[in-house]
Each structure stands twice: as C-alpha cells, then as structure tokens.
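1. sequence first, then the predicted structure:
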Amino acid sequence: AALVTIIGIAGSAPRTAGSKMLVYDDGQIVGTVGGGTFEHKVIDAAVQTLRTGVPARYSANLSRDLGMCCGGEMEAYIEPLETVVDLVIYGAGHVGAATARLAESAGFRVTLVDERPEFTEPEDHSPAVNVICGDPIRQLDVLPWGITAYHLIVTHSHQLDQDLVEAILPRDVGWLGMIGSRTKVTKFFMRFRAAGIDEKLFSKLSAPVGLDIGAETPDEIAVSIVAEIVRVKRRSVQPPAPLSDQKIDARGGDGVAHPPALT
C-alpha cells in the first residue's frame, strides 16, 4: 500500500494538513483526503508509486486544474510502504540456486521451483527459501502473484522456459525475467506472435535478463540478475554507471576515473 498525507493547503479545501489515506495496489482506499477529482488523481498517483517504488508529490489548484468548486489548493505526499517482495525462481540449477541465495540475503522472499528431486533437496538451500519439487506449470496457481511478486525463469529446458513465459505473460505480475541469449529470446517472441499472443504483453518480459557486467559464472550471473531487479523494481533508477566513473572534483582533470587496467 501507499500512504497519502496532505502536507499543505491554501484557501478552501475539503481536508486539513495531516489528513491521511491508505491506497492499495488495486485502487481500494482506507480513509479519505476529501473525495472528488483531487482524491481520484491522488489514488492514480499512489498506484503508480507502488509500481515504481519512488515517493511522489501531487499538488493542484482545485478549481483551475481540476474543475472543483472549492477554490483552494492542496498538496499530498505519497509514500509507498515497504513490503516483502516475493521472488519465484523456476529452475534450481546452478544459476537458480545462486540467485536464490543472493536474493534471499537481499531481502526477497524466495520460492524455488524445480521438478528434479536431486536439485530440490532442502539441505542444499537456505532454510529461508521455500523449495517446491514439482512440475512448474502445475504449481502456478499456488504461487504468489500481483505487483509485489517477481518471477524469474532459469530452467534446464528451453521448451519449459517457453511454456512458462506463455503461461505467465497474461497474469498480474510485478516483474518477469528469463535467462537466455538474444537468439533464444527472438525465437520465443516469433513463436508467441505465431501463437496469437497479444504483442502488448511482450514488454512485460525482461530478457535476456540481468545487467551487462560481463558475467560468466553462476554467482556472477546471479549478481547481474539481482542487480537488475534492485535497479528496475526496488529503486527505479536509470542505467547506472560505475561509481568510479562519476565526477569527483578532487580528482582534477576531467574528474573521470579510469581503472588502471583499462587506461
């Protein structure tokens, strides 16, 4: 949910500063900040902050901007409340297991799904990770969904990957990623298009998944995947440059750092 607080008013307004309202991801509310068009606009803004994770302000002149009769002005601060985010990982192989370890330590509630018993032994994974041994497709209805549920596909089978993406795309999900080469991803989209899947859903899939850090080992790939989730979903920042590339006046010159090995 997002907490909306009126932080400023001027003139005639339906609520005073300090009034609060809670907005859930489906637009349902608890409390009110005055009703009418202003409240409707604030609810829309609150739902958007839940998707981005970034606090926001919304202000308006009630008459000029919104056509309300009050004539005053109101400003609201909209704060997305921290919630536990589920990360469902399909595939408990090298990359899946490494990603589960890292994501769990980063604060995600991790569920690991694989149909192979030898990869789902509880002692091979953190006690905090929910490990499910079974056909991933048949587990979909018992898994978490919604904007606070992220799903990552890293199975051992290209066909299973394709079947999972096709089954998940129409569902309500906060983020969907799939490992694979650009060639694999291109072929999948061609098959989805031929199968008549709505192309508007294609943008929901983050693939190839992960930030480009030159990762090769399973642990490095896990770093790139979790880094993408943090950047895109938890912190909503633009593609980052290395911290050492940011200008620091004390360095002199152009203020740009160049690692010695690359100079």
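-> Great, that's in hand.
2. contacts for the top helix by length along the chain?
-> Among the elements of type helix in the chain, defined by DSSP state H, the one spanning the most residues is helix 36-52. Here helix 36-52 makes contact (CB atoms under 8 Å, 6 or more residues apart in numbering) with 1-2, 4, 14, 21, 23, 25, 27, 29, 32-33, 55-56, 58, 60, 62, 66-68, 74, 76, 78-80, 147, 174, 236. C-beta coordinates here come from the backbone N, C-alpha and C atoms, glycine included.
3. pLDDT averaged over stretch 107-126 - what is it?
-> Across stretch 107-126, pLDDT averages out at 95.
4. ignore what I typed, I meant stretch 49-58.
-> Model confidence over stretch 49-58, given as mean pLDDT, is 87.
5. buried stuff in that stretch?
-> Residues of stretch 49-58 classed as buried by neighbour count (16 or more other CB atoms under 10 Å): 49, 50, 56, 58.
6. do the same with stretch 96-115
-> Residues of stretch 96-115 classed as buried by neighbour count (16+ other CB under 10 Å): 96-104, 108-115.
7. hmm, who's touching it?
-> 84-93, 119-120, 124-126, 128-136, 139, 143-144, 150, 152, 154-155, 218-219, 221-223, 225-226, 229-230.
8. what sits against the spatially closest residue to residue 119 that is not a sequence neighbour?
-> Here the nearest residue to residue 119 in space, its sequence neighbours aside, is residue 92; by CB to CB, 6 or more residues apart in numbering that works out to 4.1 Å. Residue 92 makes contact with 100, 112, 113, 114, 116, 119, 120, 125, 131 under the criterion CB under 8 Å, 6+ apart.
9. determine which two of those residues are furthest apart.
-> Considering CB to CB, no two members of those lie farther apart than 100 and 116, which are separated by 14.8 Å.
10. now which of the contacts of stretch 96-115 would you call buried?
-> Neighbour-count burial (16+ other CB under 10 Å) is assigned, among the contacts of stretch 96-115, to 85-92, 119-120, 125, 129-133, 136, 139, 143-144, 150, 152, 154-155, 218, 221-223, 225-226, 229-230.
11. from those residues, which ones fall inside helices?
-> The subset of these that ends up in helices is 136, 139, 218, 221, 222, 223, 225, 226, 229, with DSSP H as the criterion.
12. residue 146: neighbouring residues, count only.
-> Residues within reach of residue 146, counting by other CB atoms under 10 Å, total 12.
13. and for residue 162?
-> Using other CB under 10 Å, residue 162 is surrounded by 20 other residues.
14. and it, that one's in a helix?
-> Yes: read with DSSP: H, G, I helix; E, B strand; the rest coil, residue 162 is one of the residues of a helix.
15. the residue nearest to it when sequence neighbours are not counted is in what secondary structure piece?
-> What sits nearest to residue 162 in space, not counting adjacent residues and going by CB to CB, 6+ apart, is residue 188, at 5.6 Å. Of the helices and strands defined by DSSP states H and E, residue 188 is found in helix 182-194.
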